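S.K.: quick one: sequence and predicted model below, then my questions.
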Amino acid sequence: MKLNDAIMLVPTVVVGGISVFKRFLSPSDQLRIVGDLRQVAARAPIFSPKTKMGKPMSVRLTAAGDFGWFSDHQGYRYVRQHPSGLDWPEIPTSIMGIWKVMAAQAPDPECCLVNYYGEGARMGLHQDRDEANFDWPVVSVSLGDDALFRVGGAERGGKTASIWLQSGDVAVMGGAARLNYHGIDRIKFGSSQLLKDGGRLNVTLRVVK
């Protein structure tokens with residue numbers, strides 16, 4: 001994959017300590033990644049997890065790598081297999097290439113979580129803290145419709161900041177901002193033509209162990 005190397009790893013903007021690289025992926029890169037994610041979803045179909053209280057989440061998901069993410073009455077956790085009982089597919093090389101650029105000093109990611117936001121979907125403020133080691137960053141890729149990304153601090157409550165993420169943007173949560181609360185308040189459904197039926201894909205790469 002030919003990444004847009006004109007940015008040279010200098011973030012376009014830093015929001016709440018999270019580095020955002022605007023339009024990091026070219027349109028052709030985005031199309032290739034979406035095609036690869038369709039192959040992932042063909043082997044590990046997108047599903048709707050439930051919260052601890054049994055309520056379906058508005059975001060649907062699948063994953064690739066050694067681990068996927070799952071939620072039910074037992075809580076949020078990483079799991080070795082898709083709900084079908086099959087192992088997760090390998091992480092596509094097109095997505096691994098982004099990690100190699102953004103987190104060159106880190107071990108290879110063990111989870112590529114793929115969240116799909118349809119019309120009306122959102123994600124409340126949360127921390128990514130199910131991983132064993134917080135020294136390694138979480139790399140997040142936006143594809144499709146615009147999303148209003150909100151970032152807080154390492155403690156719940158307090159001041160937050162927001163930015164619209166567009167298709168091709170890459171955000172890196174690392175260092176002091178690794179455990180910052182963050183979420184998606186809403187998406188601007190139909191703002192991108194990348195996905196045939198609209199919506200947004202958010203791809204996050206994580207070192208689990």
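M.R.: Structure received.

S.K.: name the nearest residue to N202, ignoring sequence neighbours.
M.R.: Spatial nearest neighbour of N202, chain neighbours left out: N115 (4.5 Å); criterion: CB to CB, 6 or more residues apart in numbering. Backbone N, C-alpha and C define where each C-beta goes, glycine included.

S.K.: separation between G199 and I163?
M.R.: 19 Å (CB to CB, to the nearest Å).

S.K.: try Y78
M.R.: Taking CB to CB, one finds Y78 at 28 Å from I163.

S.K.: residues in contact with the nearest residue to D66 once chain neighbours are set aside?
M.R.: Counting by CB to CB, 6+ apart, E110 is the residue found nearest to D66 once chain neighbours are left out, at 4.4 Å. E110 makes contact with 65-67, 206-209, according to CB atoms under 8 Å, 6 or more residues apart in numbering.

S.K.: if you set the cut-off to 6 Å instead, what comes out?
M.R.: Counting by CB atoms under 6 Å, 6 or more residues apart in numbering, E110 touches 65-67, 207-208.

S.K.: can I get those in JSON lines with pLDDT, distance to R122 and secondary structure?
M.R.: As requested, these are exported to JSON lines (pLDDT from 0 to 100; distance: CB to CB, whole Å; DSSP: H, G, I helix; E, B strand; the rest coil):
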{"residue": "G65", "pLDDT": "98", "distance to R122": "25", "secondary structure": "strand"}
{"residue": "D66", "pLDDT": "98", "distance to R122": "28", "secondary structure": "coil"}
{"residue": "F67", "pLDDT": "98", "distance to R122": "24", "secondary structure": "coil"}
{"residue": "V207", "pLDDT": "98", "distance to R122": "26", "secondary structure": "coil"}
{"residue": "V208", "pLDDT": "97", "distance to R122": "25", "secondary structure": "coil"}
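
S.K.: make TSV from these and add neighbour count and distance to A44 to it.
M.R.: TSV is the format used below for those (neighbours: other CB atoms under 10 Å; distance: CB to CB, whole Å):
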residue	neighbour count	distance to A44
G65	23	10
D66	18	13
F67	23	12
V207	20	20
V208	17	16
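
S.K.: ok, which stretches of the protein are strands?
M.R.: 13-15, 18-21, 60-65, 68-72, 75-79, 111-117, 123-126, 138-144, 146-151, 161-165, 170-173, 182-188, 200-206 (DSSP state E).

S.K.: partner strands of the last one and their direction?
M.R.: For strand 200-206, sheet partners with direction are given as strand 111-117 (antiparallel), strand 138-144 (antiparallel), following DSSP bridges.

S.K.: alpha carbons of the last one, as PDB, please.
M.R.: So that's strand 138-144. Only the C-alpha atoms of strand 138-144 are listed here, as PDB (Å, rounded to 0.1, in the frame of the first residue of the first chain):
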ATOM      1  CA  VAL A 138      -4.000   2.200  19.900                       C
ATOM      2  CA  VAL A 139      -4.100   3.200  16.300                       C
ATOM      3  CA  SER A 140      -7.500   4.100  14.900                       C
ATOM      4  CA  VAL A 141      -8.500   4.400  11.200                       C
ATOM      5  CA  SER A 142     -11.700   6.100  10.000                       C
ATOM      6  CA  LEU A 143     -13.400   5.000   6.800                       C
ATOM      7  CA  GLY A 144     -16.700   6.300   5.400                       C
END
